[in-house]
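S.K.: let's see this in three dimensions:
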Amino acid sequence: MSESVLRAAASYIFAHEDKDEPAHRRVEFLWHAGEPLAAGIPFYSRAFAIIASLVPSGVSVRHVMQTNGTLVNPAWCNFFCEHDVSIGLSIDGPAGLHDSNRKTWNNHGSHYRVMRGYRLLRKYGIDPGAICVLTQESLRQADVIRFRRI
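M.R.: I've put the predicted structure just below:
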């Protein structure tokens, strides 16, 4: 996304924010689609600065990223903490279910890398949410898809 597109989108959002409704004084930017971390920290540093420069008085901004977690590293964790970014992980259950649909570029399962990212987030005090894509196979194995803190 170019800076001009980001500036236009944020300006539009803030221009249409309901100024008469106090409950709507927080705007969330949800970064997802593909793998948002692939854009890199410099992109988000610029994006967050642009958005911050456009925030109207009395409006707070929250950033949320939905990631597969494979690119999470200490630099990303520091960035998330510095900017109070909420994180959602895309994980489709235990390794067998997850890896059947979520492959790396070299056609290997990504569960191990997702869990490595999860553990690193937790090490930095970040408590991610999660989404799970349900398939016919995962529905047949619904009993193995459950929340469990690691």
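S.K.: what helix or strand is the residue most central in space within the chain on?
M.R.: Among the residues of the chain, the one closest to the centroid is residue 65, at 1.8 Å (C-alpha atoms, centre = their mean). Following DSSP states H and E, one finds residue 65 within strand 60-67.
S.K.: tell me the angle of the next helix or strand after that strand relative to strand 60-67?
M.R.: Scanning forward in sequence from strand 60-67 by DSSP H and E, the next helix or strand is helix 74-82. Between helix 74-82 and strand 60-67, the angle comes out at 150 degrees (axes from the mean of the first three to the mean of the last three C-alpha atoms, to 10 degrees).
S.K.: report all helices and strands that helix 74-82 contacts.
M.R.: When contacts are defined as 3 or more C-beta pairs under 8 Å, 6 or more residues apart in numbering; DSSP states H and E, helix 74-82 packs onto helix 41-54, helix 111-123. C-beta: built from backbone N, CA, C; applies to glycine.
S.K.: let's see that with 6 Å instead.
M.R.: Applying 3 or more C-beta pairs under 6 Å, 6 or more residues apart in numbering; DSSP states H and E, we find helix 74-82 packed against no helix or strand.
S.K.: could you export that helix as PDB, CA atoms only?
M.R.: Extracted C-alpha coordinates of helix 74-82, given in PDB (Å, rounded to 0.1, in the frame of the first residue of the first chain):
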ATOM      1  CA  PRO A  74      12.200 -10.400  18.700                       C
ATOM      2  CA  ALA A  75      12.200  -7.200  16.500                       C
ATOM      3  CA  TRP A  76       8.500  -7.700  15.700                       C
ATOM      4  CA  CYS A  77       7.700  -8.400  19.400                       C
ATOM      5  CA  ASN A  78       9.400  -5.200  20.400                       C
ATOM      6  CA  PHE A  79       7.400  -3.300  17.700                       C
ATOM      7  CA  PHE A  80       4.100  -4.800  18.900                       C
ATOM      8  CA  CYS A  81       4.900  -3.900  22.500                       C
ATOM      9  CA  GLU A  82       6.000  -0.400  21.600                       C
END
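S.K.: can you list the buried residues in that helix?
M.R.: By neighbour count on 16 or more other C-beta atoms under 10 Å, the buried set for helix 74-82 is 76-77, 79-80.
S.K.: all set, thanks.
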